[in-house]
Structure formats: structure tokens, C-alpha cells
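[1] Pasting the sequence and the predicted model now:
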Amino acid sequence: MKLENTVQALQKFGKTVVKDGRKILKKNDMGNDTKLYKDFDYIVQANATSVDLIFEFGEATKYWDFVNEGVKGWTS
């Protein structure tokens, strides 16, 4: 099975998602110097029968879970 076009399409999509996501982070004062901004990336993995697009957040994975849920801070 030839999946070259699918791989290329997912690489383009992943790049766009990361670019747009970083714009949103920057707009919300979570830009260049944050671990979330720096570690946000994607990987396209392909084998003979499938292609996977995986988004990664590195060491900021737990923090991303909070941001994704809409948490903006904490109160004591």
C-alpha cells in the first residue's frame, strides 16, 4: 500500500496545527519562553499499512492538560 501522499498531507497538517497552536499560546502570553510553546511538536509515523499523526508536548504534557481544559490559574 502506498501512503506517500497521506504522509505528506499529515506532515503539512501537523505543521499547520503546531504553527497555529503556537500563535494562540503567544496571543495568551504563553509564548516563546514557555516549555509548552517550545515542546509542542508533532510526529508522523508510517509503516506498510498505516500512518499515525501524534502531537507531543514533551515535559509540558501535564501542563497542557490544564490548558486544554481551560484552566488559567489557581486560587488559594
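    Noted; the coordinates are in hand. Residues are numbered from 1 along each chain as shown.
[2] Return the list of helices and strands in contact with the helix or strand of the chain with the lowest mean pLDDT.
    Ranked by mean pLDDT, DSSP states H and E, the weakest helix or strand in the chain is helix 61-68, scoring a mean of 76. Packing partners of helix 61-68 (3 or more CB pairs under 8 Å, 6 or more residues apart in numbering; DSSP states H and E): helix 35-39. No exception for glycine: its C-beta is placed from N, CA and C like everyone else's.
[3] Might you list the low-confidence residue ranges for the protein?
    For the chain, applying pLDDT under 70 flags the ranges 1, 72-76.
[4] if you set the cut-off to 80 instead, what comes out?
    For the chain, the stretches with pLDDT under 80 are 1-2, 30-32, 62-68, 70-76.
[5] what comes up buried for stretch 57-76?
    Neighbour-count burial for stretch 57-76 flags 57, 60, 63-64, 67 (criterion: 16 or more other CB atoms under 10 Å).
[6] what's next to that stretch, contact-wise?
    Applying CB atoms under 8 Å, 6 or more residues apart in numbering, the contact partners of stretch 57-76 are 30, 34-36, 38-41.
[7] which of those residues lies closest to G21?
    F40 (5.8 Å; CB to CB).
[8] And that closest one, how close does it get to N47?
    Distance of F40 to N47, given as CB to CB, to the nearest Å: 25 Å.
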